[in-house]
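Engineer: mind looking at a prediction? Sequence and model below.
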Amino acid sequence: VSEEFVRQRGLEARAVEIVGMEMATDVPAALEGKSCIQAVGFDMTKLAADKLYKKAGVSAKDVQVVELHDCFSANELVTYEALGLCEVGKAGEFIDAGDNTYGGKYVVNPSGGLISKGHPLGATGLAQCYELSSQVRGEAAKRQVDGAKMALQHNLGLGGAVVVALYKMGFPEQQQQKAKL
């Protein structure tokens, strides 16, 4: 909705802004190459994430909380790297350092990820959107990530497409005023 709509209805303290969103599809190497990493969406995820960060004028370092499509544990590691959460080849070290959970650099899948939802086809993206909106609003209860200001969403369908998006509060000053009440 427009800023005017939000202001007219006094919704500033709850308005979440989609900072940017990018979609990419499989590159030829995903189907022609011999790399399983390419086949599970590394290249298309990296392409979409790089475009998103550039257009939004941010980097992965500006993000505190991530909901990513963790369809398989190995795919989650590949996705950490493709999203720029860690260097390529360093996902194991990233996990060992605790940088993917509370107290680390990022909190990944505070909702519990796909396994907690039974991998609901179609509903995955909506569940991620809800979780990230709750996080930046400070309304995620026991799952709340301290200081969550920027959130990153990653959703994909293998053999097809990936969407990445960034979320933040649309009127952060209003949220701060609400918190003081």
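Structural biologist: That came in fine, so what should we check first?

Engineer: for this protein, which segments count as strands?
Structural biologist: 16-25, 65-67, 107-108, 151-157, 161-169 (DSSP state E).

Engineer: okay if I get those strands as CSV plus mean neighbour count, distance to Arg143 and mean pLDDT?
Structural biologist: No exception for glycine: its C-beta is placed from N, CA and C like everyone else's. Conversion of these to CSV gives the following (neighbours: other C-beta atoms under 10 Å; distance: least, C-beta to C-beta, whole Å; pLDDT from 0 to 100):
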stretch, mean neighbour count, distance to Arg143, mean pLDDT
strand 16-25, 17, 16, 96
strand 65-67, 27, 9, 98
strand 107-108, 24, 9, 98
strand 151-157, 23, 12, 95
strand 161-169, 22, 15, 96
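
Engineer: helices of the protein, residue ranges please.
Structural biologist: Taking DSSP state H as the criterion, the chain carries its helices at 3-8, 28-32, 36-39, 42-56, 73-82, 91-96, 113-117, 124-137, 172-180.

Engineer: send the alpha carbons of the first one over as PDB?
Structural biologist: What that stands for is helix 3-8. What follows is helix 3-8, C-alpha atoms only, in PDB (Å, rounded to 0.1, in the frame of the first residue of the first chain):
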ATOM      1  CA  GLU A   3       2.500   5.800   2.500                       C
ATOM      2  CA  GLU A   4      -0.600   7.900   2.200                       C
ATOM      3  CA  PHE A   5      -2.800   4.900   3.000                       C
ATOM      4  CA  VAL A   6      -0.600   4.000   6.000                       C
ATOM      5  CA  ARG A   7      -0.700   7.500   7.400                       C
ATOM      6  CA  GLN A   8      -4.400   8.000   6.900                       C
END
